[in-house]
Structure formats: structure tokens, C-alpha cells
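K.L.:
Whatever this is, show me its structure:
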Amino acid sequence: MQTVGSAEPNQGNFPLPGISFSAMIPRKSINRIQLADLGREPFRIFFPAAVLAGIIGVGLWPLYFGHIVTLYPGLAHPRIMACGFFGGFIFGFLGTAMPRMLSARSFRLAEVIPLLLLHLATVAAFSVGAIFQGDVLFLLLLGAFATCVGLRFKQRKDLPPPGFVLLALAFLCIASGTILAIIEPYRDTDPSWIILQRLLSYQGFVLLPILGIGPFLLPRFFGLSAADQLPELLRPNAVWLRKAGVALLAGLLIIGSFFLEATGAFRSAYALRLAVTLVYFYLQMPFHRTPNAANALGACIRVSFAGILSGFLAVCLFPAYRVALLHLTLIGGFAVITVTVAIRVVFGHSGNLALVQRRNRWLILAVGMMLLGMATRITGDFWPKILASHYVYGAVLWIAGILLWSCFVLPKVLLADQG
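P.N.:
A predicted model of the protein is given here:
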């Protein structure tokens, strides 16, 4: 199977973590990107758009409690974070990586610009409380993106890693959740369906891609070979099918836990989700055999997996506080791993891959601020008298952390790696 980094040099390599190309990249080869690069490598515009969405989504809380806006962010905030923040990073990553994995042609600017406009319009609609319109726009975005990927799948000369079957399930989750949200005003919806809609959209859309991409990408953060690395294949062989079957089973069990939670069996649902995620991590991403993290990125990967699992465990033990405790998973897990992987993508495509081996204390500080904001936000739900102030403090700290991250990472999206 062709690796992501095996594209032609003039197409821009998608770097393989854990392999240093610093000696091969002379400084003179780093130039400003051209307009066409925004199409070939959509992360260059989707990552900044995702950060903007995250700032807006989290910033709604201090705006509300500061009496600057009157709209309560209860519906807008999670949608902006799932569809705008995480969605922006997912679209940017997959739009860049999938054509290379499939040995198909890259995205074109004429495709990426409409996708970006739909993404921005979705975030804008949610921000002003136009929830129904935002759901419709996001469903259009999902359909348009899936069409772009589907066209390249037909042209493929290689198969993606078998774990990527979880990406298909993730898009089915978010599409189903969005459709449930769209039809909700037109029927008397059972409360269990509302819970299911939120689980499919807010957890399934992010957790399943992490599990799907992880075996291929994350072991290289620790100098290990990818569990999903196979020879180039046009049609699946027995090994590919076996690995894909394991991934499919894990994904279906996680989705099954969503239906279980929707019935009110919170402890059982999170116990199942925790067990499946932990076993899949152990089998496909054996970090228990990795050396100690030698840099900030490796440390953040460890922190993120601890966050995902601890959030599930905490909700299993204290389901009455599940909304608050889930932020361990959403912020400490999903958000931390998202920004960490994004660093690899941006640095690798800008001729700065050697920088990931440095101490990068700024990343530790940025993630620390995000985690402190998370902890502040969680404590607000345990003491109602401080709820408003802690929501505000937590939001400000998280925004400060993502802004610090942005100062060191986002300027490099304007640099092209032509080495």
C-alpha cells in the first residue's frame, strides 16, 4: 500500500510522523504557497477556519454571561465545536491525505472554495442561533465533501488503510445525527432520539476518525511502524479484510453504545465505550510498548488518550455529571489530539518537520492552558454559585491556549515545502 508520503515532490509530501526529513530539506526550498496549493492541500485554509470556529464556539459563553448576547449557547456551542472546530480539522486533514492514500488526483481549488464557504456559513448560522439553517448547510457540506472523496475513490490505484472503514462510519454518524436534528421540528421527537442525535454528532464524528486514523499515523510519533501499513493494493486481500473487520466491529460496538445510552443506560453505555476504546487502543496502537515521549508532541498524544479514557470512566462512575465530565474526553482528549496531529501536518508541509523534534515548550504551555480551562469549566457544574464565572474563566483560558498554538503553527500554512 502506498504511504501518504509517497506522492511526487511537486505535489507536496504528506509527512510520515517519526521520520525526519530535515536533512533533505534545505532552507532555500521553503517558499510562499501558490493559489493552487490551497486546493491541493485544503488543510491550509480549513485549519485556520477550524480555529476561528473554535474561538467563536467557546467565546459564546463569556459573551452570554457578560450580557453581550442574549442567546443561550446550549445548542449553538456543541454544534460549532463538532461541525466547525473538529469538522474543519477533519475536512482539512482528509482533503489533503485521502487523494495521496488513494493515489488519485488532489482536490482542486474550485472544489475547496465552495466547501470552505459552506463551512463558514454553517458556523455563522449556528453563531446567530439559526440552528435549523446551520444543520441544513452542514448536511450540504457533508454531501459535497463525500462526493469529492467518492470521485477519487473511483479513480484509486490503492486502498486506504483498513482502519479507515471507521471514517465511513463517522460520516454516517454525523449525517444521521444532522438529519435527525433537521426533522426534529417537524415531529414529536422522543427524547431518546434527541440524545442519540447528539451522541452521533458530537462523539461519533470525532472518536471514530481518531480510532480509524490512529493505527496508521500515531505510532510514528513514537518511532514505531504503523499497524495499518500494508503493500499497495487495488483490491482488498485477506489481511486487509481482517483488519477492516476488527475496525468495523469496534465502530459498530461504539455506535451500539450510543443507542444504549439513548435508552437511559448511561453506566452500561460508557462502560462499553470505555472497554471498546481501550481494547482497540491496546491492539492497534500499542503505546504500552513505546519509549518515553522524547518531545512535546509525543507527550501530548499520551495526554490525549488518557483524556479520552478518563472521560468515559468518569461518566461511567458519576453519570449524573456526564455533561461536565465529558469535557475530559472532548477537550482533554479530542481537542488535544486534534491540535497535536495538526502540528505534524502543518510543519511537514512547510519544510519545518525538523521542528517537531525540539522541546516545543510553547505547545506544553498551550495545551496546559486548554486543560486548565477544561478543569475550570468542569468545576462550574459542581458548584452552581460559581458556574457563570467558571464558564467564563474556562472559556478565556481555552481561547488563550488555542491562540498561543495558532501563533506558532498557523503562519506556516503559508509556506510551501518544495524540497
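K.L.:
measure stretch 253-272 end to end?
P.N.:
This stretch, stretch 253-272, spans 8 Å end to end (CA to CA, to the nearest Å).
K.L.:
And it, how far out from the chain middle?
P.N.:
The offset between the C-alpha centroid of stretch 253-272 and the centroid of the whole chain comes to 22 Å, using CA atoms, centre = their mean, to the nearest Å.
K.L.:
swap in stretch 235-250?
P.N.:
With CA atoms, centre = their mean as the basis, the mean position of stretch 235-250 lies at 23 Å from the chain mean.
K.L.:
ok, now stretch 299-311?
P.N.:
Taking CA atoms, centre = their mean, the mean C-alpha location of stretch 299-311 is offset from the chain mean by 14 Å.
K.L.:
Give the buried residues for that stretch.
P.N.:
For stretch 299-311, a neighbour-count test (16 or more other CB atoms under 10 Å) marks 299-305, 307-311 as buried. All C-beta spots, glycine's among them, are computed from the backbone N, C-alpha and C.
K.L.:
what does stretch 354-368 give?
P.N.:
Neighbour-count burial for stretch 354-368 flags 355-356, 360, 363, 366-367 (criterion: 16+ other CB under 10 Å).
K.L.:
Same question for stretch 331-347.
P.N.:
Neighbour count says stretch 331-347 has 331-347 buried, by 16+ other CB under 10 Å.
K.L.:
again with stretch 145-157
P.N.:
Using 16+ other CB under 10 Å as the burial criterion, the residues of stretch 145-157 that qualify are 145, 148-149, 152, 156.
K.L.:
What segments of this structure are strands?
P.N.:
Ranges of strands in the chain, per DSSP state E, are 30-32, 415-417.
K.L.:
Most tightly packed of the ones you listed?
P.N.:
Neighbour counts (mean count of other CB atoms under 10 Å) averaged over each of those peak at strand 415-417, with a mean of 21.
K.L.:
Run through the stretch 1-150 of the chain and note the low-pLDDT ranges.
P.N.:
In the predicted model of the stretch 1-150 of the chain, residues 1-30 satisfy pLDDT under 70.
K.L.:
Recalculate using a threshold of 90.
P.N.:
1-37, 101-103 (pLDDT under 90).
K.L.:
residue boundaries of the helices in it?
P.N.:
Counting by DSSP state H, counting those that start in this stretch, one finds helices in the stretch 1-150 of the chain at the ranges 37-40, 43-65, 76-79, 87-101, 109-127, 131-154.
K.L.:
could you give the angle of the second one to helix 109-127?
P.N.:
It stands for helix 43-65. An angle of 10 degrees separates the directions of helix 43-65 and helix 109-127 when computed by axes from the mean of the first three to the mean of the last three CA atoms, to 10 degrees.
K.L.:
could I get helix 43-65 in PDB with only the CA atoms?
P.N.:
The C-alpha trace of helix 43-65 is given here as PDB (Å, rounded to 0.1, in the frame of the first residue of the first chain):
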ATOM      1  CA  PHE A  43      -5.600  22.000   5.400                       C
ATOM      2  CA  ARG A  44      -4.100  25.400   4.600                       C
ATOM      3  CA  ILE A  45      -7.500  27.100   4.800                       C
ATOM      4  CA  PHE A  46      -9.500  24.600   6.800                       C
ATOM      5  CA  PHE A  47      -7.200  24.600   9.800                       C
ATOM      6  CA  PRO A  48      -7.400  28.400  10.300                       C
ATOM      7  CA  ALA A  49     -11.200  28.200   9.700                       C
ATOM      8  CA  ALA A  50     -11.400  25.500  12.400                       C
ATOM      9  CA  VAL A  51      -9.500  27.600  14.900                       C
ATOM     10  CA  LEU A  52     -11.800  30.500  14.200                       C
ATOM     11  CA  ALA A  53     -14.800  28.300  14.700                       C
ATOM     12  CA  GLY A  54     -13.500  27.000  18.000                       C
ATOM     13  CA  ILE A  55     -12.900  30.600  19.300                       C
ATOM     14  CA  ILE A  56     -16.400  31.600  18.300                       C
ATOM     15  CA  GLY A  57     -18.000  28.400  19.800                       C
ATOM     16  CA  VAL A  58     -16.200  28.800  23.100                       C
ATOM     17  CA  GLY A  59     -16.500  32.500  23.100                       C
ATOM     18  CA  LEU A  60     -20.200  32.400  23.200                       C
ATOM     19  CA  TRP A  61     -20.100  31.600  26.900                       C
ATOM     20  CA  PRO A  62     -18.400  34.800  28.100                       C
ATOM     21  CA  LEU A  63     -20.500  36.800  25.700                       C
ATOM     22  CA  TYR A  64     -23.600  35.300  27.200                       C
ATOM     23  CA  PHE A  65     -22.700  35.600  30.800                       C
END
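K.L.:
For that helix, enumerate the helices and strands it packs against.
P.N.:
In terms of contacts (3 or more CB pairs under 8 Å, 6 or more residues apart in numbering; DSSP states H and E), helix 43-65 is packed against helix 37-40, helix 76-79, helix 87-101, helix 109-127, helix 336-348, helix 387-409.
K.L.:
Could you do the last one as well?
P.N.:
For helix 131-154, the packing partners by 3+ CB pairs under 8 Å, 6+ apart come out as helix 76-79, helix 87-101, helix 109-127, helix 165-183.
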